[in-house]
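Peer 1: sharing a sequence plus its predicted fold:
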Amino acid sequence: MATDFFTVDTVWLSRYYVLVLIEIESRRVQICGITTNPTGAWVTQQARNLMANLDNDVGVVKYLIRDRDTKFTRAFDEVWRSVGAEVIRAPVRAPNANGHCERWIGTVRRECLDPLLIVGPRHLARVLHVYVEHYNAHRPHRSLDLRPPRPRPDRSVTVPASPAHIGRRDALGGLIHEYDLVA
């Protein structure tokens, strides 16, 4: 897994910090929290909350890649070590060492946040929730043979007989289009 922060500025010139976690093998993304003032205690609590949500999946975490931000405290590292994960700190000024998170942050900015005007924390949380759901369940990834990180088990890949058998669903007011086979 890899984790990092990114910032989002709102229309009212407020800055929000978003803590994101990505599973490197499956490319699944989770938004851990949004705040205006991230502290070490807040980040540690978000890690504990994530452990409670992951339950059975925690045992498979072998490594956690993070940068050297002061918000990632020893207590944060201990939460991950308690489940058997080795915490790897990226070298100083080396964003490529945490490339999976940096790439996702660039993707969410280009595909979602740049075209939108964010009003406040609830709006930001809703937009990120919709985008992460799209990213995890619908968006194809090259490293996963053009499958989404969390594929739907009930669907097999078939070629539609005609374009009339393809349905489109818009998300985020038409910013994102999801296509699916229809009966």
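Peer 2: Everything's here; your move. Remember, it's a predicted structure, so these values are computed and weren't measured experimentally. Residues are numbered from 1 along each chain as shown.

Peer 1: just the pLDDT for residue 159.
Peer 2: pLDDT, residue 159: 56.

Peer 1: any idea what residue 170 is bridged to?
Peer 2: Beta-bridge partners for residue 170, by DSSP bridges, are residue 177.

Peer 1: give me every residue that touches the closest residue to residue 113 other than its chain neighbours.
Peer 2: Distances taken as C-beta to C-beta, 6 or more residues apart in numbering put residue 8 closest to residue 113, at 6.1 Å, once the chain neighbours are dropped. The way it works is simple: take the backbone N, C-alpha and C, and place the C-beta from them, glycine included. Residue 8 is in contact with 15-16, 18, 113, 118, 124, counting by C-beta atoms under 8 Å, 6 or more residues apart in numbering.

Peer 1: of all the residues you listed, which two lie farthest apart?
Peer 2: 15 and 113 (12.9 Å; C-beta to C-beta).

Peer 1: of these two, who's got more company?
Peer 2: Higher neighbour count among residue 15 and residue 113: residue 113, with 19 against 10, using other C-beta atoms under 10 Å.

Peer 1: hang on, isn't that one packed against residue 127?
Peer 2: Yes - here residue 113 reaches residue 127: they are 7.4 Å apart, a contact under C-beta atoms under 8 Å.

Peer 1: output the lowest mean pLDDT helix or strand found in this structure.
Peer 2: Least confident helix or strand of the chain, by mean pLDDT, DSSP states H and E, is strand 176-181 with a mean of 80.

Peer 1: circling back to that earlier point, now intersect the contacts of residue 8 with the strands, please.
Peer 2: Among the contacts of residue 8, the members found in strands (DSSP state E) are 15-16, 18.

Peer 1: give me the pLDDT for the residue nearest to the spatial centre of the chain.
Peer 2: Central residue of the chain (C-alpha atoms, centre = their mean): residue 29, 3.1 Å from the mean position. For residue 29, the pLDDT comes out at 93.

Peer 1: show me what contacts residue 23?
Peer 2: 1, 29, 149.

Peer 1: quick one: the strands in this protein?
Peer 2: For the chain, the strands defined by DSSP E occupy 2-9, 15-22, 29-35, 63-66, 86-89, 166-171, 176-181.

Peer 1: a markdown table please, covering those and showing distance to residue 75.
Peer 2: Formatted as a markdown table, these follow (distance: least, C-beta to C-beta, whole Å):
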| stretch | distance to residue 75 |
| --- | --- |
| strand 2-9 | 15 |
| strand 15-22 | 15 |
| strand 29-35 | 15 |
| strand 63-66 | 13 |
| strand 86-89 | 12 |
| strand 166-171 | 37 |
| strand 176-181 | 37 |
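
Peer 1: show me what the longest helix belonging to the chain is packed up against.
Peer 2: For the chain, the helix with the greatest residue count under DSSP state H is helix 121-137. On a contact count with 3 or more C-beta pairs under 8 Å, 6 or more residues apart in numbering; DSSP states H and E, helix 121-137 meets strand 15-22, strand 29-35, helix 99-108, strand 166-171, strand 176-181.
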